[in-house]
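Asker: 3D model of this:
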Amino acid sequence: MGVNPLRIANNWLRLARERSLPKADAFCLSTVTAEGHPAARMMMLGEITPTGLSFFTDERSPKVIDLNANGYAAAVSSYAVPVQHS
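Answerer: Numbers count the residues shown, from 1 in each chain. Sure thing, here's the model as predicted:
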């Protein structure tokens, strides 16, 4: 069975919250516009589920428009809490 990146990210987030790291929920969300231009912005993470990340935003925001035009995105957390992989 392969490594599940969402499970790893969820463990990192849990540990960061347990350690009271500042802004543990902050992450950078990068998308691509319909014209092919990259766009990145800092977001607050809602939760990590087995199907992906949830975050809070207005449904009319540019990031939602980008995701509807091109369903791909990248997320980068500013914390890498050491976790032993099982």
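Asker: can you give me the end-to-end distance of stretch 59-72?
Answerer: 17 Å (C-alpha to C-alpha, to the nearest Å).
Asker: ditto for stretch 51-71
Answerer: 14 Å.
Asker: likewise for stretch 48-57?
Answerer: 16 Å.
Asker: got the buried residues for it?
Answerer: 48, 53, 57 (16 or more other C-beta atoms under 10 Å). Yep, even glycine has a C-beta here, placed from its N, CA and C like the rest.
Asker: pretty sure Ala69 is touching Thr33, no?
Answerer: Yes: judged on C-beta atoms under 8 Å, Ala69 makes contact with Thr33 at a distance of 7.0 Å.
Asker: could you pull up the mean pLDDT of stretch 62-74?
Answerer: Mean pLDDT, taken over the full extent of stretch 62-74, equals 91.
Asker: and the buried residues of stretch 48-57, which is closest to Leu21?
Answerer: Minimum distance to Leu21 across those is 15.9 Å, recorded for Ile48 (C-beta to C-beta).
Asker: let me see the backbone angles for that closest one.
Answerer: Main-chain dihedrals, Ile48, degrees, to the nearest 10: phi -110, psi 120.
Asker: same check on the one 4 residues further on?
Answerer: Backbone geometry at Gly52, expressed as degrees, to the nearest 10, gives phi 150, psi -160.
Asker: quick one: the closest residue to it other than its chain neighbours from Ala24, how far?
Answerer: With sequence-adjacent residues excluded and distances taken as C-beta to C-beta, 6 or more residues apart in numbering, Gly52 is closest to Leu6, at 7.0 Å. According to C-beta to C-beta, to the nearest Å, Leu6 stands 17 Å off from Ala24.
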